Every structure is written in structure tokens, then in C-alpha cells.
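Asks: Okay, sequence plus prediction incoming.
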Amino acid sequence: MRRARRAVPLRLIPRLHRATHRLGLEIAGWPDLGVTQAEAHVLDHLATMGPSTVGTLHDAFAHRRSTLTSVLDRLAERALVRRDSSPEDRRTFVVRLTPAGQQVAHQVHDRLQAIEARARAAVSPRDVQGFDRVLAALAAGKK
């Protein structure tokens, strides 16, 4: 009789999942802003990187295109972003924060920055560099 193989516990994925879930819970605890985790990240990206094409946002977050479109639709419905045709290529849309979107995006950024500052205060700069390398390896996907 063959014994079932016991799987070796994962170390990176469960911790990454837990940290992502906790971040989502923290963002959900901001009812005054009324944004989802995905919306918060898009708003933060626009606050820090400026107007971005839909393709740039897709590359930044690796959402399915339909998911990203839904996020942008919700933000546009609440007048936090607008999508304009690119002057260089009318098939390309550039996403920009509206004045109301700038206010919310900067509040999101400040709160995310505080979360990151708490985490950075608990570890060394070398730890952060190692973490960055692990995340880059995970984000690179299959080779």
C-alpha cells in the first residue's frame, strides 16, 4: 500500500495572501473614502504617477482587462477619474484624476503611506531589499 505524499508547507504564498487580506481589511475600514482595495490602488497609482493609459494601469496591476474596466467604470461613475482619448492615438485612453479624485487619491496615498511606514519601522532596510526581490520574483511569473 502506497502512503500519501505529505505536501511541504508553503512559506511565501500564505504570508503574502495574509498580508494582502489584512491590507484589504484596513482599506475596507475607511468608510469615509468608500473605495475598494482595487480602487484604492488605482487612485494611489494616479496620485503618484500622474495620468496613465489603461495599458499602463493594466501593466501595473495585472488585473484582467474586464476587471480593470469595472474598477475604472466605478471610479468614473463617482467622478473620481475621467478617461480621455490620447492625443497621440485616439484608440488609447488616458485616465486622469478629477479634482474630487485628487482629494480622495491623496487621502488614500497618505493612509497607505502610514501603513507602509509602520511596516518599514519594524524591519531593516536590508529586509526591505530582500522583500522587494522576493516580490519581483513572484511578479515575474513563469519563465
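Replies: Yep, that arrived. Just so it is clear, the structure is predicted and the values come from calculations on it, not from any experiment.
Asks: tell me which element the residue nearest in space to the middle of the chain is part of?
Replies: Central residue of the chain (Cα atoms, centre = their mean): residue 41, 3.6 Å from the mean position. Secondary structure assignment for residue 41, by DSSP states H and E: helix 37-49.
Asks: which residues sit against that helix?
Replies: The list of residues contacting helix 37-49 from outside it, by Cβ atoms under 8 Å, 6 or more residues apart in numbering, reads 23-24, 27-28, 33, 35, 52, 56-57, 60-61, 63, 67-68, 71-72, 74-75, 80-81, 95-97, 101-102, 104-106, 108-109, 112. (Glycine included, C-beta is placed from N, CA and C.)
Asks: hmm, try it at 6 Å
Replies: When contacts are defined by Cβ atoms under 6 Å, 6 or more residues apart in numbering, helix 37-49 is touched by residues 24, 27, 60, 71, 75, 97, 105, 106, 108, 109, 112.
Asks: For these, work out which two are farthest apart.
Replies: Within the contacts of helix 37-49, 24 and 97 form the most distant pair, 22.1 Å apart (Cβ to Cβ).
Asks: Compare those two (neighbour count), which wins?
Replies: Using other Cβ atoms under 10 Å as the criterion, residue 24 and residue 97 rank with residue 97 on top: 21 against 14.
Asks: Identify the residue nearest that one in space, chain neighbours excluded?
Replies: residue 46 (5.0 Å; Cβ to Cβ, 6 or more residues apart in numbering).
Asks: now residue 84, what's its secondary structure?
Replies: strand (DSSP: H, G, I helix; E, B strand; the rest coil).
Asks: OK, contacts around the residue lying closest to it once chain neighbours are set aside?
Replies: Closest residue in space to residue 84, ignoring its immediate chain neighbours: residue 94 at 5.2 Å, by Cβ to Cβ, 6+ apart. By Cβ under 6 Å, 6+ apart, the contact list for residue 94 reads 51, 53, 84, 86.
Asks: any idea which of the contacts of helix 37-49 is least confident?
Replies: Lowest pLDDT within these is found at residue 60 (91).
Asks: now it: how far from residue 9?
Replies: To residue 9, residue 60 is 31 Å away according to Cβ to Cβ, to the nearest Å.
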